[in-house]
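> Okay, sequence plus prediction incoming.
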Amino acid sequence: MRSALLRQPAAMPDWFARHAAIELRSTAAVEFIDITERLQAVVARSGVACGLLHLQTRHTTTGIVVNENEPLLLEDMRELLDRIAPAGHRYRHDDLTRRTVNLVPNERRNGHSHGQALVLRASESLHVVDGALWLGRWQRVFFVELDGPQRREMGALLMGA
């Protein structure tokens with residue numbers, strides 16, 4: 001364990017927690033939206049030196065992922081999601097003659113999006129160290145849209161000292 005990398009502040013003030021709702025607008029059916037800079041700015045404005053930033057999506061057809069922002073890799077990840085749950089496949093969820101719950105007007109045919117979300121995370125916790133997100137060299141934070149384009153919301157809970 002390399003605990004020497006983490007330094008405890010000389011004077012540890014009381015811990016606190018703050019929550020913020022973050023609105024996003026996707027522009028494609030499947031989209032990896034890099035939110036790293038936006039999150040770094042939230043942390044920097046907060047004054048938190050040491051703590052955690054916990055993220056949570058409020059949608060069953062989205063995810064939160066930490067990975068590399070490299071265009072060819074993002075294409076590979078899109079193709080992988082499509083192989084896992086292809087849009088052209090028949091899903092019981094999309095059969096509105098049989099489905100009786102959670103129906104809304106102009107219901108989307110999005111069974112594939114729910115299947116794809118099954119392999120992603122709905123939340124992620126990130127360390128805050130020395131007033132910044134503690135990410136690796138290539139790590140970026142993505143909000144992953146699987147049923148866009150549409151307006152989305154995620155929560156950010158920042159806890160720390």
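Arrived safely, thanks for sending. Numbers count the residues shown, from 1 in each chain.

> From Met159, how far off is His93?
Taking Cβ to Cβ, to the nearest Å as the criterion, His93 is separated from Met159 by 36 Å. Placement of C-beta: from N, CA and C, glycine included.

> these two touch, right, Phe32 and Asp76?
No. With contacts counted by Cβ atoms under 8 Å, Phe32 stays clear of Asp76, the gap being 11.1 Å.

> out of these two, which sits in the more crowded spot?
The residue with the greater number of neighbours, taking Phe32 and Asp76 and applying other Cβ atoms under 10 Å, is Phe32; the counts read 22 against 11.

> can you pull the contacts of that one?
Remark: with contacts taken as Cβ atoms under 8 Å, 6 or more residues apart in numbering, Phe32 is in contact with 65, 69, 74, 77-78, 142-145.

> hmm, try it at 7 Å
The neighbours of Phe32, taking Cβ atoms under 7 Å, 6 or more residues apart in numbering as the test, are 74, 142, 144.

> cool, and Ala29?
With Cβ under 7 Å, 6+ apart, Ala29 has these contacts: Gly148.

> Looking at it now. What's its pLDDT?
With respect to pLDDT, Ala29 has a value of 97.

> what separates it from Gly131, distance-wise?
Ala29 sits 37 Å away from Gly131, going by Cβ to Cβ.

> what does Glu23 give?
Distance of Glu23 to Gly131, computed by Cβ to Cβ: 25 Å.

> Just the mean pLDDT for stretch 63-79, thanks.
On average, stretch 63-79 scores 98.

> can you pull the buried residues of that stretch?
Within stretch 63-79, the residues that qualify as buried by neighbour count (16 or more other Cβ atoms under 10 Å) are 63-64, 66, 74, 77-78.
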